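requesting a structural model of the entry that follows:
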Amino acid sequence: MATQRKIAEEAYGGTFPVLANFSDGAVYAGNFYAQGVDYFELLDSPDQNAIWGEDWSNGASTYQCASFNVDLMRAAARHMMRSKSGFGRIINISSVSAIIGNPGQGNYAASKAGMIGMTKSLAREVASRGITANCIAPGFIATPMTDALNEKQVATIKEAIPAQTFGTPDDIAAAAVYLASPEARYVTGITLHVNGGMVMI
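Reported below is the predicted structural model:
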């Protein structure tokens, strides 16, 4: 495992991706360890970020397991409480679809809405320990997925966005940096909407 981790760090630098299969909640931990990653060590390191992949060909199973399988969040919270540092940050990525829905993607919208409720519940449970739990709900973000949209689709979507443009991954990263910071100590159980004004609540 140590060798795998060293190779990964040399290949990716301070941050390296970890692919976790959420289509079966029983195997995600194995995904971490098979790639040389100690999940709890990862939590303690400010230099690492886990990037969890989703199996888009198996949408219903993946979305439901990823959103409603609370084991990972609770395990993280327990680890943070045991550290007795009085500090912990749990940040989940939801979606604007959780708020407004999306035709043909009921499974996705439902799972992302469930994630918001799950995060609020956990936030109440751990707030007294200095641990916050929040969501980020991105709107339309410029990624390879949106690159697949045709010009007419892009124009229609942008008409619904007051900012008249798609967001960037940096916009989401900035929101996560804030929620992870000491300055966000009094912010918990909220959903931070990053959508260019598409939804204002």
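
so where's the protein uncertain?
Applying pLDDT under 70 to the chain flags the ranges 1-71.

just the C-alphas of the biggest helix by length in the chain, formatted as CSV.
For the chain, the helix with the greatest residue count under DSSP state H is helix 106-126. The C-alpha trace of helix 106-126 is given here as CSV (Å, rounded to 0.1, in the frame of the first residue of the first chain):
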residue,chain,number,x,y,z
GLY,A,106,-35.8,11.9,-11.5
ASN,A,107,-33.3,9.5,-10.0
TYR,A,108,-30.5,12.1,-10.1
ALA,A,109,-32.7,14.9,-8.7
ALA,A,110,-34.1,12.7,-6.0
SER,A,111,-30.7,11.6,-4.8
LYS,A,112,-29.3,15.1,-4.8
ALA,A,113,-32.3,16.4,-2.8
GLY,A,114,-31.8,13.4,-0.4
MET,A,115,-28.2,14.5,0.0
ILE,A,116,-29.3,17.9,1.2
GLY,A,117,-31.6,16.4,3.9
MET,A,118,-29.0,13.9,5.0
THR,A,119,-26.4,16.7,5.3
LYS,A,120,-28.8,18.9,7.4
SER,A,121,-29.4,15.9,9.8
LEU,A,122,-25.8,15.2,10.2
ALA,A,123,-25.1,18.9,10.8
ARG,A,124,-27.4,18.9,13.8
GLU,A,125,-25.7,15.8,15.2
VAL,A,126,-22.1,17.1,15.1
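
and it, what does it pack onto?
helix 59-68, helix 71-83, strand 88-93, helix 97-100, strand 131-138 (3 or more C-beta pairs under 8 Å, 6 or more residues apart in numbering; DSSP states H and E). To be clear about C-beta, it is placed using only N, CA and C from the backbone, and glycine gets the same treatment.

list the buried ones in that helix?
Neighbour counts over helix 106-126 (16 or more other C-beta atoms under 10 Å) mark 108-116, 118-120, 122-123, 126 as buried.

quick check: angle from it to strand 131-138?
In terms of direction (axes from the mean of the first three to the mean of the last three C-alpha atoms, to 10 degrees), helix 106-126 departs from strand 131-138 by 160 degrees.

could you single out the nearest of the buried residues of helix 106-126 to S181?
Set against S181, the nearest of the buried residues of helix 106-126 by C-beta to C-beta is A123 (16.5 Å).

ok, the closest one - contacts?
By C-beta atoms under 8 Å, 6 or more residues apart in numbering, A123 lies in contact with 132-134, 188-189.

looking at those residues, which is nearest V199?
For those, the nearest to V199 is N134 (16.9 Å; C-beta to C-beta).

count the residues that sit near the closest one.
26 (other C-beta atoms under 10 Å).

and for T132?
Count around T132 with other C-beta under 10 Å applied: 24.

residues in contact with it?
Contact partners of T132, counting by C-beta under 8 Å, 6+ apart, are 88-90, 123, 126, 179, 184-185, 187-189.

I am finished for the moment; much appreciated.
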